[in-house]
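# Take a look and give me a structure for this.
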Amino acid sequence: MVEKRQLTLNILISTSSPLPPRILDEIKDEEVVYKRRDELLSAIASKNYDIIVIDDDMELLRAIKGQDSRPEVLLFGDGRVDVVEAVREGASGYFGTDVAPEEFRKLIERIRELVALRVETATLERELTRKYTFKGIVGRNPYMLEIFHFIRRIAPYYRTVTIIGETGTGKELIARAIHEASPVREEPFVTFNCGGVVDTLIESELFGHKKGAFTGAVADKKGLFETAGRGTIFLDEIGELPLSVQPHLLRVLQNGEFRPVGSNRTFRAECRVIAATNKDLWEEVKAGRFREDLYYRLTPITLNLPPLRERKDDIPLLLRHFLAEFSKRTGKRITGISRQAQRILIAYSWPGNVRELENVIERAAILAKESFIRVEDLPAYIKDSLHEDQPIQPDLTLDEVVKRHIQSVLRRCNGNRTKASQILGISRRALIRKLQKYSID
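Numbering: from 1, shown residues only. Now for the predicted structure:
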């Protein structure tokens, strides 16, 4: 039987007088470093320590815990501080020159077990993130797991897919995931925002043009359908495509043919098409802003992305993912988010969805003075969104949280469903469905 290797502790000692030899003998097999008091905080910022031993200095204890709450801080002194107060401020133990070696050994072993548990937990969290990450998209909510499964099923065979979801839900990420899971993953993935180009240039951008086709066309230009080759073209905000261009897109989807502006030559489109919209396209058809025949060509396969407020159980996973990405990108070490800050983030309705959450976390990580994001690092509008008369109750189910939030918004809007749906970031029809689901009068 192989004996399990004992975890070696990283210990930082910063005391004004040396520790007794019999105490140092108890930690001789650990990784021990010594720092002066004026070097202590910068040392903590540059490396993770399991145990920090300092003088019985309450001010320094608070400074350490304020910078990084993870290390176990042991106070060494002559009993001049209140032990109860020290523990309340975050100290893990207190000992003096007369401490018995066996008592100190017990304290160290207790901390070793705690550190080992943290290491195991961190490992499990990393494995959890890997398990619930699909092509760079994080999610363990049943909606998202079903979407991942759906992508695996359609990716080998689809020709046209339309992704439907609110702004910020990650439609382009899903489009890239479909492309990456398809047989054409090595071919180009080109993107076009149908609402980001003036109407007169959209046809040229998509299908190309010949020299002299219009003022400013000083040379032949390939369009994105030709550039995509046998890969994928992603048409974002397809609901914004002008009616004048829609017949040309319809021709590509029907016959696989397109003609550059000013050219008599017909080209074959070999790429796959993924469209995305935050609009109800059928409503656009009924309003006369979208062709019905194009609607049917675009929607043989549709994929509906849930808003973040309907997958709040993914928020803790997303927080870890965004913090890891931020630390990797910037080099600034942010190790976590306080529990109260997490509760506030989970309670917020996120009208801007995952994109808004990512922006908030990046802002908080930049502003954080410590290695942890705390409530004070969050934007005021998120903190202010919580009503003092409605404190966060962690024992509520997600459905209960959503129901109470909808009721709160309706009260603020005096029952005006149109205004409430705008604040909630959903359509009026979606709000009505939720009112029926949660039996809200």
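
# Need the CA coordinates for stretch 114-121. CSV is fine.
Presented in CSV, the C-alpha positions along stretch 114-121 are these (Å, rounded to 0.1, in the frame of the first residue of the first chain):
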residue,chain,number,x,y,z
LEU,A,114,-8.2,22.7,5.9
VAL,A,115,-5.7,23.6,3.1
ALA,A,116,-5.9,20.1,1.7
LEU,A,117,-9.7,20.4,1.5
ARG,A,118,-9.3,23.8,-0.3
VAL,A,119,-6.9,22.3,-2.8
GLU,A,120,-9.3,19.4,-3.4
THR,A,121,-12.2,21.8,-3.8
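
# And for that stretch, what's in contact with it?
7, 9, 50, 70, 72 (Cβ atoms under 8 Å, 6 or more residues apart in numbering). In short, each C-beta sits where N, CA and C put it, glycine included.

# now do 10 Å
Residues from elsewhere that reach stretch 114-121, judged by Cβ atoms under 10 Å, 6 or more residues apart in numbering: 6-10, 50-51, 70-72, 92.

# swap in stretch 366-378?
Residues contacting stretch 366-378 (Cβ under 10 Å, 6+ apart): 44-45, 48, 65-70, 319, 323, 326-327, 330, 332-345, 348, 360-361, 363-365, 379, 382-383.

# again, but for stretch 397-412
Residues outside stretch 397-412 that contact it (Cβ under 10 Å, 6+ apart) are 141, 309-313, 346-349, 385, 387, 389-390, 392-394, 396, 416-417, 419-424, 426, 431, 434-435, 437-441.

# farthest residue from the center of this structure?
Largest separation from the mean C-alpha position in the chain: Asp98, at 50.6 Å (Cα atoms, centre = their mean).

# where does it land on pLDDT?
Per-residue confidence at Asp98 stands at 84 (pLDDT).

# circling back: where strands are concerned, which of the contacts of stretch 114-121 count?
Among these, the ones falling in strands (DSSP state E) are 10, 51, 72, 92.

# Return the closest of those residues with respect to Leu224.
Closest approach between the ones in strands among the contacts of stretch 114-121 and Leu224, by Cβ to Cβ: Asn10, at 53.7 Å.

# I'd assumed Ile44 was in contact with that closest one.
No. When contacts are counted by Cβ atoms under 10 Å, Asn10 is not listed as touching Ile44 (11.1 Å).

# Which one's more surrounded, these two?
Taking neighbours as other Cβ atoms under 10 Å, Asn10 and Ile44 compare with Ile44 leading, 21 against 16.

# From Gly195, how far out is the more buried one?
49 Å (Cβ to Cβ, to the nearest Å).

# what does Arg355 give?
16 Å.

# In this structure Ser14 contacts Val32, no?
No. With contacts counted by Cβ under 10 Å, Ser14 stays clear of Val32, the gap being 11.5 Å.

# backbone phi and psi for Thr277, please?
Main-chain torsions, Thr277, degrees, to the nearest 10: phi -160, psi 150.

# Just give the nearest non-adjacent residue to it, would you?
Distances taken as Cβ to Cβ, 6 or more residues apart in numbering place Gly239 nearest to Thr277, at 4.3 Å, with adjacent residues excluded.

# quick one: contacts for the one you found?
By Cβ under 10 Å, 6+ apart, the contact set of Gly239 is 164, 194-195, 275-281, 283-284, 289-290.

# is it true that it lies in a helix?
Yes. The assignment for Gly239 is a helix, going by DSSP: H, G, I helix; E, B strand; the rest coil.

# what two of the contacts of stretch 114-121 are the furthest from one another?
Gln6 and Arg70 (20.3 Å).

# mind giving me the domain ranges of this protein?
Domain segmentation of the chain under automatic domain parsing yields 10-129, 142-304, 316-437.

# roughly how far is the second one from the heart of the chain?
Translated: domain 142-304. 27 Å (Cα atoms, centre = their mean, to the nearest Å).

# Ends of that domain, what's the gap?
13 Å (Cα to Cα, to the nearest Å).

# How about stretch 298-318?
Stretch 298-318 end-to-end distance (Cα to Cα) = 31 Å.

# that older thread, look up how far Gln422 lies from the residue nearest to Thr277.
Distance from Gly239 to Gln422, by Cβ to Cβ: 18 Å.

# and the domains of the chain as JSON lines, adding distance to Lys135?
Shown next, in JSON lines, are these (distance: least, Cβ to Cβ, whole Å):
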{"stretch": "domain 10-129", "distance to Lys135": "14"}
{"stretch": "domain 142-304", "distance to Lys135": "4"}
{"stretch": "domain 316-437", "distance to Lys135": "13"}
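
# ok so, going back, which neighbours do Asn10 and Ile44 have in common?
Counting by Cβ under 10 Å, 6+ apart, the residues touching both Asn10 and Ile44 are 52, 71.

# helix or strand for His248, which one?
helix 246-255 (DSSP states H and E).

# for that helix, packing partners?
Helix 246-255 is packed against helix 199-207, helix 224-227, strand 257-258, strand 267-268, strand 272-277, helix 292-298, with contacts defined by 3 or more Cβ pairs under 10 Å, 6 or more residues apart in numbering; DSSP states H and E.

# Show me where the stretch 51-200 of the chain has its helices.
Ranges of helices in the stretch 51-200 of the chain, per DSSP state H, counting those that start in this stretch, are 58-67, 83-88, 101-131, 142-154, 171-180, 199-207.

# again, but for the stretch 251-400 of the chain
281-286, 292-298, 315-330, 339-347, 353-367, 380-384, 398-412.

# JSON lines please, covering those helices and showing mean pLDDT and mean neighbour count.
Converted to JSON lines, these look like this (pLDDT from 0 to 100; neighbours: other Cβ atoms under 10 Å):
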{"stretch": "helix 281-286", "mean pLDDT": "95", "mean neighbour count": "15"}
{"stretch": "helix 292-298", "mean pLDDT": "96", "mean neighbour count": "17"}
{"stretch": "helix 315-330", "mean pLDDT": "91", "mean neighbour count": "17"}
{"stretch": "helix 339-347", "mean pLDDT": "89", "mean neighbour count": "17"}
{"stretch": "helix 353-367", "mean pLDDT": "94", "mean neighbour count": "18"}
{"stretch": "helix 380-384", "mean pLDDT": "84", "mean neighbour count": "11"}
{"stretch": "helix 398-412", "mean pLDDT": "78", "mean neighbour count": "16"}
